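Undergrad: the sequence isn't on hand, but the structure is:
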């Protein structure tokens, strides 16, 4: 069987189309013949279905750089898992932007309409720009060539937490606000702050800034003094975190510190009283929308969140906030 | 009872010594009288044992900055947990350097010789220089004034993994080395690399560089070519990681990628065969000795390691390597 490399396409004949496309979903039909992406041809070589492409075996295809090793590893892994998939090229699949492979549901192929996963291949050392996340699965190839799949999706936030808090007086002490004698609802119903004892409640700077802006908390210097302190100790990160804190509260969700989980916030969707507090559902990390992820940091966050039965959400802050959820996927 | 602030010491009389030192371990005896650190005096105020220090109650002691809020929170928490403790001041305790409090075993106090914990207080936003870790417990006060205790200690690494590997030939492909037909011992006994299939094994760049330097792996360009590729994709971080990889292997421990845990390596102390692989014991993160930790990153690493029943170890690289283990502590 004759296969020739023509630019970035491997041309094959109608017999190849019957054997590889019709029955196993490789390539794209052109007239009655078959076009294969080099990674597909390399996989057919690797399996022994074809001997060579333009005289190159799979070792040579990889060594020459005709086929990228990471693409090949991901392609092979998804085939090993029983999927048919198509390289995401203009004209080969709908909406190829931002992904490398379109993967069909098991038992289906390029002749069907359904898509199971849109997969982007990244190496462990590649930079992953935050805005490129959402509506794709990252297939991360680590330094030992093991694969980790991370499913990314944009999402909304909503909850039913909505307790009213009467006016409260507080004192700004370094990086916290101390309320020595607050109304009970502050902590017990609305879950602001952390109790020092039976009476006193300590608010974080974001909590205090939010409550001061809402006219609930009075503190010397007002909200401005609290925000100024926040910026002093965190820089512009404080404004991002305060914006996300406010958006979460305004969506009916109670954010509390995520420090123990290495995140900005953990969130509770339905707080009526701290005496009957459910499990917190989300871990939220606040980042500027321009952030570039190291895949390893993503893996760390997602693994930790999974281990504590929470969902990892990144709050990407620009003029607005985009919420992107990332979860481990076993295809 | 008269208590006066004299510089950074609160002076009290012999009656105070009897009540607070002899029976409850506050302060330091001076002659027959008692010196208290302001944080101790603030705690006595807070408990209602004394009314004021120089006319200031606890709110004023904190508001005036006479007592730091984070110190007070940690002092109070340790007292609440039933410990006696002494502020780490020159002349008050042995070896006060690098810590804020010396904590005695429960039931003991400053009149005994034993020390349970040497505690350093840090705020969530403080920078923690890597060389300051080891032989201390970090008491991290997060933004909501909750406490997390992290026990840090220097340690050694050792294991019994020591398989010999016959010569092997490999091919450098971007960020990995592919061995198409390696001796079985490479993967099965010595646990180098990751299998592509029944035959081929993929080595990471650190594995390949280590094996090439040891004269086991032959590859075009030799070890230098592999190291050059590593530096190309990771910069000087590659040299640090290779140094740590080699030190681990030379200590009888098998390092494998820690990517899924967000670390550089996970390690196996006693590998005889991959068919009978135990649980990996350590997660290792490689850092320059000059690194400054954000407490939140420390909390994230330690929490994750605990969740997967491993111990978090930081390999701090300078001329040599210092191994610092960090674990969550509930005092």
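TA: Cool, got the structure. These figures come from a predicted structure and were not determined experimentally.

Undergrad: alpha carbons only for contacts and neighbour counts from here, please
TA: Fine.

Undergrad: what helix or strand is residue A:44 located in?
TA: helix A:38-47 (DSSP states H and E).

Undergrad: how about that helix, does it reach chain B?
TA: No. Against chain B, helix A:38-47 shows no contacts by Cα under 8 Å from any Cα of the partner chain, the least distance being 10.6 Å.

Undergrad: what is that helix packed up against?
TA: Here helix A:38-47 touches strand A:9-12, helix A:58-63, helix A:69-80, going by 3 or more Cα pairs under 8 Å, 6 or more residues apart in numbering or on different chains; DSSP states H and E.

Undergrad: try 7 Å this time
TA: Packing partners of helix A:38-47 (3 or more Cα pairs under 7 Å, 6 or more residues apart in numbering or on different chains; DSSP states H and E): helix A:58-63.

Undergrad: work out the gap between stretch A:259-267 and the centre of the chain.
TA: Computed by Cα atoms, centre = their mean, to the nearest Å, the chain-centroid distance of stretch A:259-267 equals 16 Å.

Undergrad: end to end on it, go ahead and measure it.
TA: Stretch A:259-267 has its terminal residues 12 Å apart, counting by Cα to Cα, to the nearest Å.

Undergrad: what average pLDDT does that stretch get?
TA: Average pLDDT, stretch A:259-267: 97.

Undergrad: cool, and stretch A:48-62?
TA: 93.

Undergrad: that one: how far from the chain's middle?
TA: Relative to the centre of its chain, stretch A:48-62 is centred 36 Å away, using Cα atoms, centre = their mean.

Undergrad: what residues of stretch A:175-189 count as buried?
TA: Neighbour counts over stretch A:175-189 (16 or more other Cα atoms under 10 Å in any protein chain shown) mark A:175-180, A:182-183, A:185-189 as buried.

Undergrad: got the contact list for that stretch?
TA: A:163, A:165-166, A:168-172, A:192-193, A:199-205, A:208, A:272-274 (Cα atoms under 7 Å, 6 or more residues apart in numbering or on different chains).

Undergrad: picking that back up, dump the buried residues of stretch A:175-189 to TSV, plus secondary structure, distance to residue A:250 and pLDDT.
TA: Formatted as TSV, the buried residues of stretch A:175-189 follow (DSSP: H, G, I helix; E, B strand; the rest coil; distance: Cα to Cα, whole Å; pLDDT from 0 to 100):
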residue	secondary structure	distance to residue A:250	pLDDT
A:175	coil	24	93
A:176	strand	22	95
A:177	strand	21	97
A:178	strand	23	96
A:179	strand	23	97
A:180	coil	26	95
A:182	coil	22	97
A:183	coil	21	96
A:185	helix	18	95
A:186	helix	16	96
A:187	helix	17	96
A:188	helix	19	95
A:189	coil	16	95
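
Undergrad: ok, these vs residue A:22, which is closest?
TA: Using Cα to Cα, residue A:189 comes nearest to residue A:22 of the buried residues of stretch A:175-189, at 62.5 Å.

Undergrad: any idea how far that closest one lies from chain B?
TA: Per Cα to the nearest Cα, to the nearest Å, residue A:189 is found 17 Å from chain B.

Undergrad: number of nearby residues for residue A:154?
TA: 16 (other Cα atoms under 10 Å in any protein chain shown).

Undergrad: also residue A:164?
TA: Close neighbours of residue A:164, defined as other Cα under 10 Å, add up to 11.

Undergrad: how many residues are close by the nearest residue to it once chain neighbours are set aside?
TA: Leaving out its chain neighbours, the residue that sits closest to residue A:164 by Cα to Cα, 6 or more residues apart in numbering or on different chains is residue A:190, at 7.0 Å. Counted with other Cα under 10 Å, residues neighbouring residue A:190 total 19.

Undergrad: distance from stretch A:98-112 to the middle of the chain?
TA: Here stretch A:98-112 is found 21 Å from its chain centre; the criterion is Cα atoms, centre = their mean.

Undergrad: which parts of the stretch 101-250 of chain A sit against chain B?
TA: A:142, A:143, A:144, A:145, A:173, A:193, A:194, A:202, A:203, A:204 (Cα under 7 Å from any Cα of the partner chain).

Undergrad: and the fourth one, how far from residue A:73?
TA: Spatial separation of residue A:145 from residue A:73 under the definition Cα to Cα is 8 Å.

Undergrad: have a look at those two and say which one is more surrounded.
TA: residue A:145 (25 against 20).

Undergrad: helix, strand or coil for the more buried one?
TA: coil (DSSP: H, G, I helix; E, B strand; the rest coil).

Undergrad: residue A:82: what's it in contact with?
TA: Taking Cα under 7 Å, 6+ apart as the criterion, residue A:82 is in contact with residue A:106.

Undergrad: and it, how far from residue A:136?
TA: Distance of residue A:82 to residue A:136, given as Cα to Cα: 19 Å.

Undergrad: likewise for residue A:316?
TA: 17 Å.

Undergrad: can you check residue A:153 too?
TA: Look at residue A:153 and residue A:136: by Cα to Cα, they are 7 Å apart.

Undergrad: neighbours around residue A:321, how many?
TA: Using other Cα under 10 Å, the number of residues around residue A:321 comes to 18.

Undergrad: once you drop chain neighbours, what's closest to it?
TA: Nearest non-adjacent residue to residue A:321 (Cα to Cα, 6+ apart): residue A:315, at 6.2 Å.

Undergrad: test my guess that that neighbour contacts residue A:322.
TA: Yes. If you go by Cα atoms under 7 Å, residue A:315 and residue A:322 touch, sitting 5.8 Å apart.

Undergrad: those two: who's more crowded?
TA: residue A:315 (25 against 19).

Undergrad: what sits against the more buried one?
TA: Counted by Cα under 7 Å, 6+ apart, residue A:315 has contacts A:284, A:285, A:286, A:287, A:321, A:322, A:323, A:324.

Undergrad: the residue of the stretch 1-150 of chain A found nearest chain B: how many residues sit nearby?
TA: Nearest residue of the stretch 1-150 of chain A to chain B: residue A:144, at 4.8 Å (Cα to the nearest Cα). Residue A:144 has 25 neighbours, counted by other Cα under 10 Å.

Undergrad: now it: closest residue in space that isn't a chain neighbour?
TA: Closest residue to residue A:144 apart from its sequence neighbours, by Cα to Cα, 6+ apart: residue B:204 at 4.8 Å.

Undergrad: beta partners for that neighbour?
TA: Assessed by DSSP bridges, residue B:204 has beta-bridge partners residue B:176.

Undergrad: my guess is it meets residue B:194, correct?
TA: No. Using Cα under 7 Å, residue B:204 is not in contact with residue B:194, being 8.5 Å away.

Undergrad: re earlier: could you pull up phi and psi at the residue nearest to residue A:321?
TA: phi -100, psi 110 (degrees, to the nearest 10).

Undergrad: can you check residue A:54 too?
TA: Dihedral angles for residue A:54 - degrees, to the nearest 10 - are phi 50, psi 40.

Undergrad: quick check: it vs residue A:62, distance?
TA: 13 Å.

Undergrad: mind checking which of these two has more residues around it?
TA: Using other Cα under 10 Å as the criterion, residue A:54 and residue A:62 rank with residue A:62 on top: 20 against 13.
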